[in-house]
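In: this one's sequence-less:
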């Protein structure tokens with residue numbers, strides 16, 4: 001199969017009207033005795049990597065019409081997906097049809113034999129895509145009702161266009177839902193912007209191929225999030241945009257007075273970084289080594305160091321790396337700031353002069369995992385130093 005660049009996939013798929021025509025149309029059972037049932041798995045298809053929906057219209061136990069929708073890796077081992085939708089002719093227990101794949105325009109032919117035993121169904125036959133023949137031998141399949149199928153199709157991308165505050169969504173995390181045929185141009189429009197794009201959201205999923213829309217995840221400095229949202233909402237093909245989940249965990253977040261940390265309408269990030277590092281230096285018994293603000297994401301990276309006790313005679317160094325994020329506690333203007341501070345990531349290095357030991361930290365060990373969570377009460381210390389409040393998840397209030 002020929003490969004298309006991932007970001008150009010939106011240009012290769014059919015237009016929105018064509019996609020809408022090819023999507024499975026789910027309707028309530030009519031009064032003439034017809035019933036719609038679904039299969040959402042056919043074992044072993046495309047080495048088990050296919051996402052399958054077989055829709056059958058039945059009158060009693062007899063199948064009167066069928067539609068097969070298969071989404072699968074376009075190339076072996078690839079994250080890029082292709083899809084075909086075929087209306088199948090029904091002849092007794094044989095389902096057959098031909099069509100063309102959506103992205104790569106490969107010819108597709110299907111011939112399946114269907115056998116029902118009680119509530120169990122068996123499918124055997126072949127599906128051919130281009131020159132690739134897949135043998136189908138799937139047993140013990142069960143079907144779903146219209147309601148069961150629809151309930152399973154519900155997807156949620158977590159986009160909240162107008163959150164009341166940042167207790168359920170993260171101030172640096174933006175989600176943008178865009179039509180597939182406009183996704184490539186939308187992504188190109190972000191070139192040069194101070195924003196990071198989640199590479200995992202670039203992969204066009206089977207859900208995206210079926211819905212005709214893709215959700216792109218962006219990370220941006222909270223100070224610039226509102227301006228970016230105003231821009232992307234007017235971009236061609238964008239159907240929804242807003243805040244979504246991100247790095248902020250409320251159990252490691254405090255709320256503080258904004259006036260103490262602002263110069264005019266801007267947060268004094270250098271002064272804030274110095275204050276945070278000072279508190280962490282006390283709780284971790286370590287010395288601040290560096291403080292760096294990420295211009296794209298607004299995150300603060302702090303590194304603190306102290307002598308390692310693992311083998312004192314070697315004079316090794318224990319390094320603590322902490323990420324922090326500050327933002328208003330809600331979109332728009334606010335007299336409060338939220339401060340999130342991560343658990344420390346701990347590593348050991350040889351910082352001595354001359355020849356050095358090359359060390360490897362085993363982060364998978366239980367000892368290391370527990371060590372990274374031990375910050376000696378840093379959040380409580382930050383609350384005290386900043387005269388802050390902590391989130392009460394049970395009562396959903398700051399206290």
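Out: Thanks, I have the structure now. Predicted model only: the values in this text are computed from it and were never measured. Residues are numbered from 1 along each chain as shown.
In: what residue ranges in the stretch 151-300 of the chain score low on pLDDT?
Out: For the stretch 151-300 of the chain, residues meeting the criterion pLDDT under 70 lie at 154.
In: where do the strands sit along it?
Out: Per DSSP state E, counting those that start in this stretch, the stretch 151-300 of the chain carries strands over the ranges 173-179, 196-197, 213-219, 238-243, 253-257, 262-263, 266-267, 287-293, 300-307.
In: export those to TSV and tack on distance to residue 382?
Out: To be clear about C-beta, it is placed using only N, CA and C from the backbone, and glycine gets the same treatment. Shown next, in TSV, are those (distance: least, CB to CB, whole Å):
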stretch	distance to residue 382
strand 173-179	22
strand 196-197	26
strand 213-219	23
strand 238-243	24
strand 253-257	6
strand 262-263	18
strand 266-267	16
strand 287-293	15
strand 300-307	12
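In: any idea which of the ones you listed gets closest to residue 396?
Out: Evaluated over the strands of the stretch 151-300 of the chain, closeness to residue 396 peaks at strand 253-257, with 13.4 Å, by CB to CB.
In: against residue 325, how distant is the nearest residue to residue 158 once chain neighbours are set aside?
Out: Ranked by CB to CB, 6 or more residues apart in numbering and with sequence neighbours excluded, the top spatial neighbour of residue 158 is residue 244, at 4.4 Å. Here the criterion is CB to CB, to the nearest Å. By it, residue 244 lies 15 Å from residue 325.
In: more neighbours: these two, which one.
Out: residue 325 (23 against 20; other CB atoms under 10 Å).
In: so the closest residue in space to the more buried one that isn't next to it in sequence is in which element?
Out: In space, and not counting its chain neighbours, residue 325 is closest to residue 340: 4.8 Å by CB to CB, 6+ apart. Following DSSP states H and E, one finds residue 340 within strand 336-341.
In: still on that earlier bit, in the sheet, who's paired with the residue nearest to residue 325?
Out: Beta-bridge partners recorded for residue 340 (DSSP bridges): residue 253, residue 325.
In: mind listing the strands for the stretch 1-150 of the chain?
Out: Going by DSSP E, counting those that start in this stretch, the stretch 1-150 of the chain shows strands at 34-39, 51-59, 62-73, 81-91, 94-100, 107-117, 120-129, 132-141.
In: contacting residues for the spatially most central residue of the chain?
Out: In the chain, the centroid-proximal residue (CA atoms, centre = their mean) is residue 201; its distance is 6.0 Å. Residues in contact with residue 201 (CB atoms under 8 Å, 6 or more residues apart in numbering) are 214, 215, 216, 217.
In: farthest-apart pair in those residues, please.
Out: Largest pairwise distance in those, by CB to CB, is 10.4 Å, between 214 and 217.
In: so which of the two has more stuff around it?
Out: Ranked by neighbour count (other CB under 10 Å), residue 214 and residue 217 place residue 214 first, with 26 against 21.
In: hang on, the more buried one packs against residue 180?
Out: Yes: using CB atoms under 8 Å, residue 214 is in contact with residue 180, at 5.7 Å.
In: that older thread, what sits against the residue nearest to residue 325?
Out: Neighbour list for residue 340: 247, 248, 249, 252, 253, 324, 325, 326 [criterion: CB under 8 Å, 6+ apart].
In: for residue 162, same thing?
Out: Shown in contact with residue 162 (CB under 8 Å, 6+ apart): 242, 331.
In: distance of it from residue 168?
Out: 12 Å.
In: which residue sits closest to residue 130 in space, ignoring its chain neighbours?
Out: Closest residue to residue 130 apart from its sequence neighbours, by CB to CB, 6+ apart: residue 106 at 4.1 Å.
In: wouldn't that neighbour be in contact with residue 129 here?
Out: Yes: using CB under 8 Å, residue 106 is in contact with residue 129, at 5.2 Å.
In: what is in contact with those two at once?
Out: residue 84.
In: more neighbours: these two, which one.
Out: For the pair residue 106 and residue 129, the greater number of neighbours falls to residue 129 (22 against 19), based on other CB under 10 Å.
In: for the more buried one, give its distance to residue 188.
Out: 30 Å.
In: ok, now which ones touch the residue nearest to residue 130?
Out: 1, 82, 84, 100, 129, 130 are the contacts of residue 106 under CB under 8 Å, 6+ apart.
In: looks to me like residue 383 is in a strand.
Out: No: applying DSSP: H, G, I helix; E, B strand; the rest coil, one finds residue 383 to be helix, outside a strand.
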